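Peer 1: Dropping the sequence and predicted coords here.
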Amino acid sequence: MKHLAPRCAICGIGELKPQRRTDEVSTMELLIEVSALAAEDAGLSPAEIDGLLVGPQVGETPQHVPATVAEYFGMQPTMSNVIDLGGASGPGMIWRAAGAIAAGQCETVLCVLGNHRNEDPPFAKNRNPIREFDVPFGASGANPSYALLMQAHMAAFDCRPEDYAAIAAGSRANAQLNPDAIFYGKPASVDEVLASPVVASPLHLFEIVMPVAGGDAVIVTTAERAAKGPHKPVELWGAGEKITHRAVSQAPDLTSGPLKPSIARALHQAGMEARDIDFLSLYDCYTIMVAATIEDAGLCAPGEFGDWLNDNGGMGPDAHQPINTHGGQLGFGQPDLAGGMTHVVEAVRQLRGDTPNRQIRNCMSALITGNGATMSEAVALVLGVEG
Amino acid sequence: MNIEKLAGISVPGPTIIPLTKPFWASAETGVLTTQKCGTCGTRVFYPRGRCPVCWSDALDWVTVSGVARLKSFSEVWKPGNEGWIPATPYVVGLVTLEEGPTLLSTILCDQVPQIGATLHFVPFNIGGRVLPCFHNFTEEEAKDMADQGKDGWAGVVNGKPKIGDAIERKRTTRMEDIHAFTEMTGDRNPVHYDEALAKKTPFGKLIVQGGVTTGMLNACVAEDLPGPGTVFLNTNLNFLKAVGVGEDLTARVEIETVRDDKPICKLKVRIVDSAGDPCVEGEATTYTMALEGL
Ligand SMILES: [Zn+2]
């Protein structure tokens, strides 16, 4: 008999004895307890698990749930997600795990759900490790984390503030070609970027994205159906994903992130080298993010992004490998989580070949990166069109 | 950086749970700790339910030296939380303990530090809570700093108590106590007045109102320890045995913890009868106002 579902098997199970009440335990304590039981049952060590599917953790950890759980567990999964399907979440995890394994993104997926019954209702205040161990010392929000990453990068490789500022200036320059960009009509030179107020040293205001309202959507379908549509189909050629941590204090490396293996996997799946990609659509919440991504993609040695950008001829549509032609989020604005999708949408426009004002000549392939939390959640895609 | 502003800012404190409490409680007293895995030897920070390397639950608390290296830092001019604005610019840093783990903390310094600088742990008052911070001052400067602004007991009549300090007060209950308490509160419960009825209850006798008994604790903290100016912030009492009229009671309070930054104590409290049986047992938190110089 032929089965249509991806082939997979369940090799371990764990379960906690139900309790009517719990006393100030964190959800994380319960999740790792039951996961350890399942790993023991499967005869697996934690290091042999490379996929993670978890449920939402209302209140306790509002965002970045897989990274928060993975960090607590000491895992660095190459596939992870929150499955938010109420009572169907458990079964929903099982087929997604199989799908992810069939897609070649991981081998062994931990699917885990759990809840406490503390006196405080689960809708009580945010109380994950960052809230407990970072916020009380004055490190609220993303700015201090990226400032710490940038300071470490600058010190490790003796990079100059101008090198990072050039990324903000290049993004603003690209935004002048996109009337939708929030900074359309508002270019900024390297000097102007460096003259903008320091928010958290060494980050200047213009090196940080501007939050905006917005939205982005993408529809994925089969190659056959896409071929019948009105546009040239843009194909997925490769993908890679990795989570290494959640809090910046737990980062295994401050100057290189999980995009490095993610990009390597995506390029490998696409059968390409980074230097052969026609368009770089790189996640840019801060200037340091673009710098680190250029280096993690292997386009230059660590610390040499400044020289590489110069040799590349900047970031515009006429550059050797154009970067973030829509202005990037630094020039376009960051519509919250949709900000990451703007890099996909711009890549599709460029690959279709009909981008007004800023079309790259002969654009056949694009590398898209997404980044979350403190340079800790990474996804890379290679999209392309057949010549 | 505005170190002297840190004590007075109003900012969110740590969201402590039983699992993480040993870290914070010990840091507050000047001892920095991390967990250590008894199975694989990993030093674990932040505290977890299981070791993040081998998922063993054999985690012990161990003391670390408090000597660390600055891995990275940022001088924050526009904080994410508004409460920090009075202290700007302040420095946050990633601090790698010589034992291995890295943590994020507030860095106490006169000038912006260098990556790689050696830092030392110091418990420091941020927003009224003593938190584990790190500094790059000399030993002498650090000592001044630790003393500075931290004496929450200045001006308190009896001074700062020590952990383990204890006192007792004795008193014999009287029928007049019951009348006085009724006068005060309107509590005219028949178990305090109707001897025939009271004899048929599980008490077997007339008993005094609970407030008559626990009132001895008010006298203890206000008269003796911590002394004049003291009020209760919280009491948590278990009434274990009823107290009759003509009973010889002994009330005892003992200091369990004392805060440095504020005149706040936690006390163990206990009242026993002439048979030595505990009638009331529990805990109390007190605040002692500075009355000197008023
Ligand atoms: Zn271990």
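Peer 2: That came through fine.
Peer 1: from what I can see, residue A:306 looks like it's in a helix, true?
Peer 2: Yes: assessed by DSSP: H, G, I helix; E, B strand; the rest coil, residue A:306 belongs to a helix.
Peer 1: ok, it - how many residues close by?
Peer 2: As a burial measure, residue A:306 scores 20 neighbours (other Cβ atoms under 10 Å in any protein chain shown). (Glycine included, C-beta is placed from N, CA and C.)
Peer 1: so what's it up against?
Peer 2: For residue A:306, the contacting residues are A:159, A:160, A:162, A:163, A:166, A:291, by Cβ atoms under 8 Å, 6 or more residues apart in numbering or on different chains.
Peer 1: looking at these, which has the most residues close by?
Peer 2: Counting by other Cβ under 10 Å, top hit in the contacts of residue A:306: residue A:291 with 30 neighbours.
Peer 1: Reduced to three states, what does it come out as?
Peer 2: Under three-state DSSP, residue A:291 comes out as helix.
Peer 1: Just list the residues touching the nearest residue to it once chain neighbours are set aside, thanks.
Peer 2: Among residues not flanking residue A:291 along the chain, residue A:305 sits closest, at 4.4 Å (Cβ to Cβ, 6 or more residues apart in numbering or on different chains). Going by Cβ under 8 Å, 6+ apart, residue A:305 touches A:159, A:163, A:290, A:291, A:292, A:294, A:295.
Peer 1: Let me see the ranges of the helices in chain A.
Peer 2: All helices of chain A, identified by DSSP state H, fall at A:27-42, A:65-73, A:89-102, A:129-133, A:143-157, A:161-175, A:190-195, A:223-227, A:259-270, A:287-296, A:305-312, A:328-332, A:338-352.
Peer 1: my bad, the stretch 151-294 of chain B
Peer 2: Secondary structure of the stretch 151-294 of chain B (DSSP state H, counting those that start in this stretch): helices at B:175-185, B:195-200, B:210-219.
Peer 1: nearest to the ion, of the ones you listed?
Peer 2: helix B:210-219 (46.9 Å; Cβ to the ion).
Peer 1: Centre of the chain to that closest one, how far?
Peer 2: On the basis of Cα atoms, centre = their mean, to the nearest Å, helix B:210-219 sits 23 Å off its chain's mean C-alpha point.
Peer 1: again, but for stretch A:76-86
Peer 2: 14 Å.
Peer 1: measure the residue nearest to residue A:291 to the ion for me?
Peer 2: According to Cβ to the ion, to the nearest Å, residue A:305 and the ion sit 37 Å apart.
Peer 1: Where does pLDDT dip in the stretch 1-150 of chain B?
Peer 2: Along the stretch 1-150 of chain B, the parts satisfying pLDDT under 70 run over B:145-150.
Peer 1: Go again with 80.
Peer 2: For the stretch 1-150 of chain B, the stretches with pLDDT under 80 are B:1-2, B:139-150.
Peer 1: where exactly do the helices run in it?
Peer 2: Under DSSP H, counting those that start in this stretch, the stretch 1-150 of chain B gives helices at B:21-28, B:139-147.
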